[in-house]
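Undergrad: Structure for the following, please:
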Amino acid sequence: MKTIAVIPARYASTRFPAKLMQDLGGKTVVLRTYEAAVATQLFDDVFVVTDSEIIFNEIKINNGKAIMSLKEHESGSDRIAEAIADMDVDIVVNVQGDEPFINKSTLEAVVAVFKNDIARQVDLASLMRHITDESEIANPNNVKVVVDQSGFALYFSRAVIPYLRDKMVGVRYFQHIGIYAFRKKALLDFYSLPMQSLEASEKLEQLRYLEFGKKIKMVETDHVGIGIDTPEDLEKARKLLV
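TA: Residues are numbered from 1 along each chain as shown. Below is the predicted model of the structure:
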C-alpha cells in the first residue's frame with residue numbers, strides 16, 4: 001500500500017498573509033512542516049503542492065519535493081487531486097502546511113484505518129476530538145461531527161450538532177480535526193464532482209464527499225494541533241522552539 005503525504009500550500013491567507021513563509025526558528029513555517037512530515041518516516045514520499053513560486057522555490061532550494069498547481073483551486077482537496085492524478089499511489093494523506101509540529105501518532109492513526117480495512121469500505125479517514133466546553137461547542141469555527149455506531153461520519157457542521165433538546169440524554173460532542181487520508185479514487189472523484197448546497201452553505205469541503213456517498217471513517221484522538229493562523233499563533237510557536 002503506497003502511501004504519500006501532500007502539503008497543500010497557498011501563499012495568500014485572509015487572516016495572516018504569507019504565513020507559510022514566516023520565520024520559525026531560522027526556517028520558514030512551510031519548510032518546517034515539510035521536514036516534520038518526512039521525519040515521521042510514515043510515507044513513501046512527501047510533496048508540497050502550491051500555487052506560489054515563492055513557496056515552490058523555498059522547498060526546492062532546500063532539497064525538498066514541490067509541485068506547482070496548474071489551475072486555480074477552491075480547496076486543498078482539489079489542489080492535491082490535480083497533483084496526484086498521474087501518480088502510482090494508494091493512500092494520500094493531507095498534511096496542513098501551517099502545522100509544523102506534526103504529531104506522528106495522529107498520522108499513524110489515519111493511515112492504520114486503511115491497513116485494517118480489509119473489505120475496502122473506507123474512502124477517507126479523519127480525526128475527531130471530544131469537547132465539553134460550551135463555548136468550544138458553540139463556536140462556529142470549531143467544526144462538529146456526528147458519527148454512526150461504526151464510527152462513520154453522518155454529518156459535519158459549524159452549528160451545534162446534535163441539538164440538545166433533552167438535557168437528560170448523555171450526548172458527546174466531537175470537534176473535527178482536519179487531518180485526512182484518502183484513497184486515491186475518492187480524491188479524484190471529489191475533483192470531478194460539482195459542489196452541492198450543503199458544502200456551499202457550510203463552506204466545508206468534506207460535505208461534498210458525504211453528499212456523493214463517500215464513507216468517512218472517524219478516529220477519536222485527544223491530540224490538539226498547533227496551527228499557525230495568526231501572528232499570535234506564530235509567536236507561541238516560536239516560544240516552543242526555544
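
Undergrad: Confirm Asn57 sits in a helix?
TA: Yes: counting by DSSP: H, G, I helix; E, B strand; the rest coil, Asn57 is found in a helix.

Undergrad: Can you report how many residues neighbour it?
TA: For Asn57, the count of nearby residues is 12 (other CB atoms under 10 Å). (Glycine included, C-beta is placed from N, CA and C.)

Undergrad: just the one 5 residues further on next, same as before
TA: Using other CB under 10 Å, Asn62 has 14 other residues around it.

Undergrad: Give me the secondary structure label for it.
TA: From three-state DSSP, the assignment for Asn62 is coil.

Undergrad: Tell me which residues touch it, please.
TA: Leu31 (CB atoms under 8 Å, 6 or more residues apart in numbering).

Undergrad: Can you give me the buried ones in stretch 81-98?
TA: 81-84, 89, 91-98 (16 or more other CB atoms under 10 Å).

Undergrad: what's the answer for stretch 144-161, then?
TA: Buried, per 16+ other CB under 10 Å, within stretch 144-161: Lys144, Val145, Val146, Val147, Phe152, Ala153, Tyr155, Phe156, Ser157, Ile161.

Undergrad: one step back: got a markdown table for the buried residues of stretch 81-98, with secondary structure, pLDDT and distance to Ala39 too?
TA: Putting the buried residues of stretch 81-98 into a markdown table (DSSP: H, G, I helix; E, B strand; the rest coil; pLDDT from 0 to 100; distance: CB to CB, whole Å) gives the following:
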| residue | secondary structure | pLDDT | distance to Ala39 |
| --- | --- | --- | --- |
| Ala81 | helix | 92 | 26 |
| Glu82 | helix | 92 | 26 |
| Ala83 | helix | 92 | 22 |
| Ile84 | helix | 94 | 22 |
| Val89 | coil | 96 | 20 |
| Ile91 | strand | 96 | 19 |
| Val92 | strand | 97 | 19 |
| Val93 | strand | 96 | 14 |
| Asn94 | strand | 93 | 18 |
| Val95 | coil | 91 | 12 |
| Gln96 | coil | 87 | 16 |
| Gly97 | coil | 86 | 16 |
| Asp98 | coil | 86 | 17 |
